[in-house]
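[1] just a sequence and a predicted model for now, questions to come.
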Amino acid sequence: MHKDELLELHGQMVTIMEYFKELETVEEGLFDQYEELNVTPNDVHMSKSEHKHAVFVLGNALANAMSDDEFSDAGRVGKRMKELAEDAESKL
């Protein structure tokens, strides 16, 4: 994936995150780990690897927001996103 495509995906995921943050049923602090990264889709000067890591961390949080448990489809996606985030972080 090219960096510009990754930035577009990152931006769309942030839009979805903002939707979930408005819901009362979403766990408090669910997106804290993503927000602590301080990597936003507007930070075009940051590396592709940093954005990839942020996308996986955010993907994990979004999947957790949608899952009932770790065995649901979203729960399994969340688990895989976590693994990918850890791998991407090791390459930073």
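    Received the coordinates, thanks. Numbering: from 1, shown residues only.
[2] quick one: low-confidence ranges for the protein?
    Applying pLDDT under 70 to the chain flags the ranges 68-72, 75.
[3] so which residues of it form helices?
    3-22, 32-36, 48-66, 73-90 (DSSP state H).
[4] report the central residue of the chain.
    residue 58 (1.1 Å; CA atoms, centre = their mean).
[5] wait, isn't that residue in contact with residue 36?
    No - here residue 58 does not reach residue 36: they are 11.6 Å apart, not a contact under CB atoms under 8 Å. Bear in mind the C-beta positions are built from the backbone N, C-alpha and C, glycine included.
[6] chain neighbours aside, what residue packs nearest to residue 73?
    Leaving aside its sequence neighbours, residue 73 sits nearest to residue 67 (CB to CB, 6 or more residues apart in numbering; 7.8 Å).
[7] that should have said residue 44, apologies.
    Residue 44's closest residue in space is residue 7 (CB to CB, 6+ apart), at 6.6 Å.
[8] which ones are touching that neighbour?
    Taking CB atoms under 8 Å, 6 or more residues apart in numbering, we find residue 7 in contact with 41, 44, 51.
[9] can you check residue 91 too?
    Taking CB under 8 Å, 6+ apart, one finds residue 49 in contact with residue 91.
[10] what's the distance between it and residue 47?
    10 Å (CB to CB, to the nearest Å).
[11] next: residue 28.
    For residue 28 relative to residue 47 (CB to CB), the value is 31 Å.
[12] of the two, who's got more company?
    Legend: neighbour count by other CB atoms under 10 Å for residue 28 and residue 47, higher for residue 47 (12 against 6).
[13] OK, contacts around the more buried one?
    Neighbouring residues of residue 47 by CB under 8 Å, 6+ apart: residue 92.
[14] could you number the chain from 547 rather than 1 from now on?
    Shifting the count to begin at 547 puts that one at residue 593.
[15] ends of stretch 604-622, how far apart?
    15 Å (CA to CA, to the nearest Å).
[16] count the residues that sit near residue 612.
    So residue 612, with other CB under 10 Å, has 16 neighbours.
[17] hang on, I meant residue 624
    Using other CB under 10 Å, residue 624 has 21 other residues around it.
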